[in-house]
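Undergrad: Pasting the sequence and the predicted model now:
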Amino acid sequence: MKVTIVGAGNVGATCADVISYRGIASEVVLLDIKEGFAEGKAMDIMQCATTTGFNTKVVGTTGDYSKTANSNVVVITSGIPRKPGMTREELIGINAGIVKSVAENILKYSPNAIIVVVSNPMDTMTYLTLKATGLPKNRVIGMGGALDSSRFKYFLSQALQKPGNDIQGMVIGGHGDTTMIPLTRLASYNGSPISNFMSQEEMDKVAASTMVGGATLTGLLGTSAWYAPGASVAFLVDSILNDQKRMIPCSVMLDGEYGQNDICIGVPCIIGKDGVEQIVDVKLNDAEKALFAKSAEAVRNMNADLKAVL
C-alpha cells in the first residue's frame, strides 16, 4: 500500500513518521515545492528504521508528481499554516489555488486514490477538492473531526483525571474555532455518561477549551500544531488502508444527511477501504440541531468565496 503526502512541513512529516513506525503503509512519498526539503525529511525518517524497527520505505521529491504514481491514499497538507491571531477562514484565498492544483496533479498519476484533505480552512478545501476533481464523494475526506475529537477527549481526560483511552467522545460541525460542536451529551467514560462524573459547568468548560484548542496551541507555538494533527491523519489513513471500518468524524459531502445539502462538514462516518462507506445518523437533540445548522451556515458562507477558483 502506498501513501503520498503533499506538503512536507510539520504536519506532513509527522504524518509520514507515524505511518512509517506503525507500519501502516509499505511506501510513503513526501512531496514538497521547496528544493530538497521533502528529500531531507524522508532521509531523516528513514534513518530511524534500524532503531525503531519499521520497514516502510519513505522517499521525498521536489515537485515530481510522477513519483506519487499509483498511490492508494493521498494526503494534502499544502498551503500556509495559521499564524497567531489568524483564523482558518483567513487562509482561504491563499490556500484554495494551491489545493486545487495539487489535487489535479495527483489524479494524473493516481486516478483511483482516496484524497484526505488537511489544508485549512479544511471544510472549504474539502469542498473545493471534491468540486474541482469531480471525484465520487466517498473518495474525498476532510480530516478535521478526527483531530477535534482527539482534543475533546484530551480535555475530558484532564478534567476527569482519567486515562484518555478510556474516554469516548466526538466533535461534529465545521473545523473552526466557532463552528465545531463537541457533543458533551454523548461523551462517556468506559461506557458511563460523562455527566455522571462532571457538572454541566465543567462540561461546558471542556467544550469551550476544545473549540479553541488549535488557536491555543498556535498562540503557544507561534504556528499551527503538528503532532496531534499528523497522528490524526495517520489514524484516518490506517482505517482506509486496513479497512478497519472505524467510526471517525470527518468532513464529507452531505446530500440530505443532517438536513444539509451541497456542503462538506464534519459528521461521524464509517471509514474503510472505499473511503467514506457510511454516514452515521446520530440523533441530535433540538439544541444540537440548531448548533449544527448554524455551523453549516458559516461553512457555506466561506464556500461562497471559492467562486473565483472554481
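TA: Arrived safely.
Undergrad: tell me the mean pLDDT for stretch 256-275?
TA: Mean per-residue pLDDT for stretch 256-275: 98.
Undergrad: C-alpha coordinates for it, CSV please?
TA: Extracted in CSV, the C-alpha atoms of stretch 256-275 (Å, rounded to 0.1, in the frame of the first residue of the first chain):
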residue,chain,number,x,y,z
GLY,A,256,-29.7,15.5,2.8
GLU,A,257,-28.0,14.0,5.9
TYR,A,258,-28.4,16.1,9.0
GLY,A,259,-30.7,18.4,7.0
GLN,A,260,-27.9,19.7,4.8
ASN,A,261,-27.1,19.6,1.1
ASP,A,262,-24.1,20.5,-1.1
ILE,A,263,-21.7,21.1,1.8
CYS,A,264,-18.7,19.3,3.3
ILE,A,265,-18.9,19.4,7.1
GLY,A,266,-17.9,17.2,10.0
VAL,A,267,-20.2,14.2,10.8
PRO,A,268,-19.5,10.7,12.1
CYS,A,269,-18.5,8.3,9.2
ILE,A,270,-17.6,4.7,8.8
ILE,A,271,-14.1,4.8,7.2
GLY,A,272,-12.8,1.8,5.3
LYS,A,273,-11.1,0.7,2.1
ASP,A,274,-13.6,2.6,-0.1
GLY,A,275,-13.1,5.8,1.9
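Undergrad: Return the list of helices and strands in contact with the worst-scoring helix or strand of the chain on mean pLDDT.
TA: Between all helices and strands in the chain, the lowest mean by mean pLDDT, DSSP states H and E belongs to helix 92-109, at a mean of 89. For helix 92-109, the elements it packs on are strand 2-6, strand 73-76, strand 114-117, helix 122-133, judged by 3 or more Cβ pairs under 8 Å, 6 or more residues apart in numbering; DSSP states H and E. Every C-beta, even on glycine, is put in place using the N, C-alpha and C of the backbone.
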